[in-house]
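In: here are the coordinates; sequence isn't available:
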């Protein structure tokens, strides 16, 4: 949320910023905010398309040109309600940027891995080599 509008902001390791913003401020009361992402895979670090929805209505769509290759960086956190590590977007959100609304439910649904066979082999080989 920013200035009453729904926002989904993706900070890709501070190398790129991707942002979806609803055009209208939300009315007071309870709302369902959903972000649907479709990956352009299979393959490593491809982009994708995102839709930000409020109460079932698409309020913003955009294309993401690339993504992180594998895992989130080890020193970052998955924050809900405030940001404790890296500022999500230094232009609008300054640490810790607490959310002062109420979140009734948060759901994260992960899709299947979309690696090509050669990429999966590289990932497995690297994992074995690292001892993890």
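Out: Arrived safely, thanks for sending. As the structure is a prediction and not an experimental result, all values here were calculated from the model. Numbering: from 1, shown residues only.
In: And the least confident helix or strand in the chain by mean pLDDT, what does it pack against?
Out: Every helix and strand of the chain was ranked by mean pLDDT, DSSP states H and E. The lowest is helix 117-130, at a mean of 83. Packed against helix 117-130, as judged by 3 or more CB pairs under 8 Å, 6 or more residues apart in numbering; DSSP states H and E, are no other helices or strands. Where you see a C-beta, it was placed from the backbone N, CA and C, and this is true even at glycine.
In: Buried residues in that helix, which are they?
Out: residue 119 (16 or more other CB atoms under 10 Å).
In: quick one: the residue nearest in space to the middle of the chain from residue 124, how far?
Out: By CA atoms, centre = their mean, the chain has its centre lying nearest to residue 10, at 4.8 Å. Using CB to CB, to the nearest Å, residue 10 is found at 27 Å from residue 124.
In: cool, and residue 25?
Out: 48 Å.
In: I'd like to know how many residues surround the closest residue to residue 32 other than its chain neighbours.
Out: Spatial nearest neighbour of residue 32, chain neighbours left out: residue 55 (5.6 Å); criterion: CB to CB, 6 or more residues apart in numbering. By other CB atoms under 10 Å, the residues close to residue 55 number 13.
In: which sections of this structure are below the confidence cut-off?
Out: 69-76, 132 (pLDDT under 70).
In: residue ranges for the strands of it, please.
Out: Ranges of strands in the chain, per DSSP state E, are 7-12, 16-21, 33-39, 48-54, 57-64.
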